[in-house]
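Enquirer: what's the 3D shape of this:
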Amino acid sequence: MPRFKDLAICVRHMDWSETSQVVTLLTEQHGLIRGLAKGSRRMSPSAVARFSGGIELLTLGQALGSLRTAYELAGITEWDLQESYPQLRTNLHAQQIALYAADVTAAMIADHDPHPKTFAGLRALLAELGDRKPTSAPAAALGRFQWQILEDCGYQPQLDVDIKTSQPLAEAGSYWFDPRAGGFTAVGEESSGSGMDGPGPWRVRKETLESLRLVARSAETGAAAASASDSVSRVNRLLCVFVRAILDRELPTMAFILSSE
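Expert: Residues are numbered from 1 along each chain as shown. Here you go, the predicted model:
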């Protein structure tokens, strides 16, 4: 069984027994690893030495273990806590955003498929949310992460070409976003479903598209995007329902994003 040693973010965990946990880790070089951490909940000196700080949700650590077949849980034998992001335990809004990001990561990334860009994006998001003096608003940080994971998985929306005409997207007061085609059109639609609760296309304000372009550039450069908070919230809701359409299911934590104002 091949061994691995990698930086990892815990995106899911559950108690397996009184002494063990089943965890889902997004690793930097090995992708998503689902594993059994035997003895991780013991308080004996040897267990505490092997699982420094414990494996908690939304924490960063260095994981050591053995990979098994695609149908078996990996064996997580050591965990060295690197960052616990304590602010996520005291700020409900930041915690909700982080839980949503972890949920999306676990749903979008395939097991053992390396996505170092998504790992870097999630790590940056948690650091931003956990900062006492953040450089940008939580909504902007989430927008960057959502764009990064969509881009990394090959689902980034087309922002500058009309999906109906294949021509440069014309200036308009509003647009239609088609999740099946993954882009915008200025050509009016006869039916748009039931708003964003329906299958689409969905009507989108011009300001929302402009904010999405700023978020995309921000994700590319790493600089904070200057945009109105309500526009960024609409961007996050749009990207959230786009992820929902891609997965063909609604994740429980999506309610945190779709209900935000």
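
Enquirer: got the contact list for the lowest-mean-pLDDT helix or strand in the chain?
Expert: Sorting the helices and strands of the chain by mean pLDDT, DSSP states H and E puts helix 45-50 at the bottom, at a mean of 77. Under the criterion Cβ atoms under 8 Å, 6 or more residues apart in numbering, residues 19, 39-42, 77-79 lie in contact with helix 45-50. Any C-beta I mention is one placed from the backbone N, CA and C, and that applies to glycine too.

Enquirer: for it, which positions count as buried?
Expert: Buried residues in helix 45-50, counting neighbours by 16 or more other Cβ atoms under 10 Å, are found at Arg50.

Enquirer: how about stretch 126-142?
Expert: Buried-residue list, stretch 126-142, by 16+ other Cβ under 10 Å: 126, 128-130, 134, 136-142.

Enquirer: which ones among these are found in helices?
Expert: Per DSSP state H, helices hold the following members of the buried residues of stretch 126-142: 126, 128-129, 138-142.

Enquirer: nearest to Asp15 among those?
Expert: Leu126 (22.7 Å; Cβ to Cβ).

Enquirer: name the nearest residue to the closest one, sequence neighbours excluded.
Expert: Tyr85 (5.1 Å; Cβ to Cβ, 6 or more residues apart in numbering).

Enquirer: and the pLDDT at the one you found?
Expert: Here the pLDDT value assigned to Tyr85 is 93.

Enquirer: what does Ser231 give?
Expert: 87.

Enquirer: could you give the number of residues near it?
Expert: Neighbourhood size, Ser231 [other Cβ atoms under 10 Å]: 21.

Enquirer: next: Arg244.
Expert: Neighbours around Arg244, by other Cβ under 10 Å: 19.

Enquirer: helices of the stretch 151-261 of the chain, start to end?
Expert: 206-221, 229-247, 254-258 (DSSP state H, counting those that start in this stretch).

Enquirer: kindly report the same for the stretch 1-150 of the chain.
Expert: With DSSP H, counting those that start in this stretch as the criterion, the stretch 1-150 of the chain has helices at 45-50, 92-108, 116-129, 138-152.

Enquirer: poorly predicted segments of the stretch 151-261 of the chain, please.
Expert: Residues of the stretch 151-261 of the chain that meet the criterion pLDDT under 70 lie in 189-195, 222-229, 260-261.

Enquirer: could you check the pLDDT of Ser17?
Expert: Looking at Ser17, the pLDDT reads 86.

Enquirer: dihedrals phi and psi, it?
Expert: phi -160, psi -170 (degrees, to the nearest 10).
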